[in-house]
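In: below is the structure, and that's it, no one-letter string:
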């Protein structure tokens, strides 16, 4: 395994302490969860950069990178439903998760049938960044007050809309 792949695996492992710390519901633990989440999000760029820079790109690394992104976003959002279980929160979470499942299924289909797969688009990369920002806000917002909770909800809805837009782009590029 390459250094980039180890970094990707570390991103997956970080999900556990992030979820654990979110559950403790104090400012200190939310702040630590936020720092760990931001660190995990930043490793998304780092592992790809290292793999390209050191010419150590592998199929395993590419697969794990996709998996790590999906797990980090989806598992943390599902976990956050525990403390934000109202419809205005659940709907955008479902949109984001269903988009991720749909894209992963299409990628698998295209891979199995050796169909040319669309390249990662700017909107797809932006979607991931916007999701990371929204989740970061959601992690820390309860400790900061109701205005921040509302702001984080708007950010989550924006992330869900960008997710739908990137799904449309992906499907239109493929089809």
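Out: Right, received. Where do you want to start? Owing to the predicted nature of the structure, the values given are computational and were not obtained by experimental measurement. Numbers count the residues shown, from 1 in each chain.

In: where does pLDDT dip in the chain?
Out: Residues of the chain meeting the criterion pLDDT under 70: 116-118, 175.

In: all strands of it, in order?
Out: For the chain, applying DSSP state E gives no strands.

In: centre-most residue in it?
Out: Centroid check for the chain by C-alpha atoms, centre = their mean gives residue 73 as the closest residue, at 3.1 Å.

In: and that residue, how far is that from residue 97?
Out: To residue 97, residue 73 is 8 Å away according to C-beta to C-beta, to the nearest Å. (C-beta placed from N, C-alpha, C; glycine too.)

In: need the contact list for residue 57.
Out: Residues near residue 57 by C-beta atoms under 8 Å, 6 or more residues apart in numbering: 4, 51.

In: quick one, helices of this structure?
Out: 3-23, 27-53, 59-81, 87-112, 122-144, 146-174 (DSSP state H).

In: how about the residue nearest to the centre of the chain: what's its closest non-neighbour residue?
Out: Among residues not flanking residue 73 along the chain, residue 131 sits closest, at 5.3 Å (C-beta to C-beta, 6 or more residues apart in numbering).

In: wait, residue 90 touches residue 81, no?
Out: Yes: at 6.1 Å, residue 90 counts as touching residue 81 under the criterion of C-beta atoms under 8 Å.

In: give me the distance between the nearest residue to residue 24 once chain neighbours are set aside and residue 66.
Out: Excluding the flanking residues, the one nearest residue 24 by C-beta to C-beta, 6+ apart is residue 30, at 7.8 Å. According to C-beta to C-beta, residue 30 and residue 66 sit 28 Å apart.

In: ok, these two, which is more surrounded?
Out: Neighbour comparison, residue 30 and residue 66: the larger count goes to residue 30, with 20 against 16 (by other C-beta atoms under 10 Å).

In: that one against residue 138, yeah?
Out: No: with contact defined as C-beta under 8 Å, residue 30 does not reach residue 138; the gap is 10.0 Å.

In: what is the burial count for the closest residue to residue 40 other than its chain neighbours?
Out: Counting by C-beta to C-beta, 6+ apart, residue 40 lies nearest to residue 14, which is 4.4 Å off, once chain neighbours are set aside. Using other C-beta under 10 Å, the number of residues around residue 14 comes to 18.
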